[in-house]
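what follows is a predicted structure for the sequence shown.
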Amino acid sequence: MAQTAVLDRPRTRRVLSAAERFGILPMPDLSFTPEVARETAHLYERVKHVIPAIEWPVHAPYVKAINDLKKVRNAVILAHNYQTPEIYNCVADVVGDSFALAREATKTDADVIIQGGVHFMAETSKLLNPDKVVLIPDSRAGCSLSDSITAADVRMMRRKHPGVPVAVYVNTSAEVKAEADICLTSGNAVAVVESLGAPEVMVLPDQYLAAWIATQTKVKIITWNGACEVHERFTGEEIRRLREDDPDVTVIAHPECPPDVLKEADFTGSTAKMADYIKVNKPKRVVMITECSMADNIASLSPETEFLRPCNLCPHMKRITLPKILDSLLTMQEEIVIDPAVAERARLSVERMVHLKI
């Protein structure tokens, strides 16, 4: 009887998850002991102006456990300026705005990156560190601005405006970044737009950031109808009422705010530039027209300034908590995975921004 030849078929190699590669660790003791109190006392000094002493015994065991586990995992925590004070001041290794975090993500020699921020930030860290494990403590930490545009929308805009370069805000998905020529942030937006050397540039998707950029450059700006749900809720009328109550207050605003807000502000800039403005100018009283935690975090660095706090909370940023960060370090979840074909193109857009000499 003739034998049927059996052909060797190539086998697809299964990619191991971070949990499989690193293992899952047991839950540490989270009691507030005298030892925990001693080892975290210096950290409480950083946040005692915004976290009451009665609350610190709740945070301190998590702070100690997270800082201990970072050493075990060779992990770093990147925390955006909108993270809560106990994260920003007590467990983060790198803090800043989205541009600073994107830039610093390329410099770490850690094996694991924990993103204290929203999903698009974790994707950006993964794009710049394809061989590292990038975790986000809650994958539901999204962004209304990122959700306002898709890759198909960018392709449609290219058809509508042929030949016009596309600069997308870093507050976008990897799929959207893959369709762009370059990324930008509120901290470098004008420099990025002008670096393209074009008479027109599409700046997507934040309509208010784009409108502000248009006031800072001679380049014609084409935009999209996206907005941040935190910043778009502020109004110029609110700012005028603030000044009526306190004529000497200094108002500084993020460029994602509507134009009537920026018109009333004394200074407009990214979260990093807002912080720098306060350090340099040392206003007596200041209102930061941005997310609530920003004022809490900057206040610790500028004790001579009184911070008034009419602000809006970002519900997505607040999904990241100390317990969730601890769980990420224990279980190595939730891991950021990006389609390689998308990642390759998106990485180019981010790297063009990061490597600009600005």
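Looks like it arrived, so ask away.

my guess is Ser293 contacts Tyr82. True?
Yes: assessed by Cβ atoms under 8 Å, Ser293 is found in contact with Tyr82 at 5.1 Å. C-beta: built from backbone N, CA, C; applies to glycine.

which residues do the two both contact?
Jointly contacting Ser293 and Tyr82 under the rule Cβ atoms under 8 Å, 6 or more residues apart in numbering are Met317.

who has more neighbours out of those two?
Tyr82 (27 against 22; other Cβ atoms under 10 Å).

got the contact list for that one?
Counted by Cβ under 8 Å, 6+ apart, Tyr82 has contacts Gly117, Thr271, Thr290, Glu291, Ser293, Met294, Cys314, Met317.

now swap in Asn89 and tell me
Leu43, Arg46, Val47, Asn297, Ser300.

lowest-confidence entry in these?
Lowest pLDDT within the contacts of Asn89 is found at Ser300 (75).

which residues are contacting stretch 342-349?
123, 126-128, 130, 168, 174-175, 177-183, 338.

mark which of the residues you listed are buried, thanks.
123, 126-128, 168, 174-175, 177-183, 338 (16 or more other Cβ atoms under 10 Å).

for stretch 132-150, what does the pLDDT average out to?
pLDDT averaged over stretch 132-150 gives 95.

cool, and stretch 102-117?
89.

and the end-to-end length of it?
End-to-end distance for stretch 102-117: 12 Å, by Cα to Cα, to the nearest Å.

list the contacts of the closest residue to Ile325 other than its chain neighbours.
In this structure, Ile325 finds its nearest non-sequential neighbour in Pro137, 5.0 Å apart by Cβ to Cβ, 6 or more residues apart in numbering. Going by Cβ under 8 Å, 6+ apart, Pro137 touches Ile114, Gln115, Gly116, Arg319, Ile320, Thr321, Lys324, Ile325, Asp327, Ser328, Glu334.

buried residues in stretch 210-225, which are they?
Residues Ala210, Ala211, Trp212, Ile213, Ala214, Val219, Ile221, Ile222, Thr223, Trp224 are the ones in stretch 210-225 that count as buried (16+ other Cβ under 10 Å).

what is the lowest-mean-pLDDT helix or strand in the chain packed up against?
Least confident helix or strand, the chain: helix 98-105 with a mean of 78, by mean pLDDT, DSSP states H and E. Here helix 98-105 touches strand 75-80, strand 94-96, helix 119-128, helix 340-354, going by 3 or more Cβ pairs under 8 Å, 6 or more residues apart in numbering; DSSP states H and E.

any chance of the backbone angles for the closest residue to Glu335 other than its chain neighbours?
Residue nearest to Glu335 in three dimensions, not counting chain neighbours: Ala18, with 4.7 Å by Cβ to Cβ, 6+ apart. Per-residue torsions, Ala18: phi -60, psi -40 (degrees, to the nearest 10).

Ala18 contacts Glu334, correct?
No: using Cβ under 8 Å, Ala18 makes no contact with Glu334, being 9.3 Å away.

need the residues touching each of these two.
Shared contacts of Ala18 and Glu334 (Cβ under 8 Å, 6+ apart): Leu135.

just among the contacts of Asn89, which is most surrounded?
Asn297 (27 neighbours).

hmm, that one is touching Pro85, no?
Yes: if you go by Cβ under 8 Å, Asn297 and Pro85 touch, sitting 5.9 Å apart.

give the contact list for Glu264.
Gly236, Ile239, Arg240, Arg243, Val251.

mind checking how far it is from Gly236?
The gap separating Glu264 from Gly236 is 5 Å, by Cβ to Cβ, to the nearest Å.

again, but for Leu329
44 Å.

neighbour count for the two, which is higher?
Leu329 (25 against 16).

tell me the two of the contacts of Tyr82 that are most distant?
Gly117 and Thr290 (14.6 Å; Cβ to Cβ).

mind giving me the packing neighbours of the helix or strand Ala60 falls within?
Assessed by DSSP states H and E, Ala60 sits inside helix 56-73. Identification of packing neighbours for helix 56-73 by 3+ Cβ pairs under 8 Å, 6+ apart yields helix 34-47, strand 75-80, helix 85-88, helix 322-331.

right, and those - which one's nearest Val354?
Across the helices and strands packed on helix 56-73, closest to Val354 is strand 75-80 (Cβ to Cβ), at 14.4 Å.

report the inter-axis angle for the closest one versus helix 98-105.
160 degrees (axes from the mean of the first three to the mean of the last three Cα atoms, to 10 degrees).

for the remainder of this discussion, apply numbering that starts at 767.
Taking 767 as the first residue, the last one we looked at is strand 841-846.

what pairs with strand 841-846, parallel or antiparallel?
Strand partners for strand 841-846, identified by DSSP bridges, are recorded as strand 860-862 (parallel), strand 878-882 (parallel).
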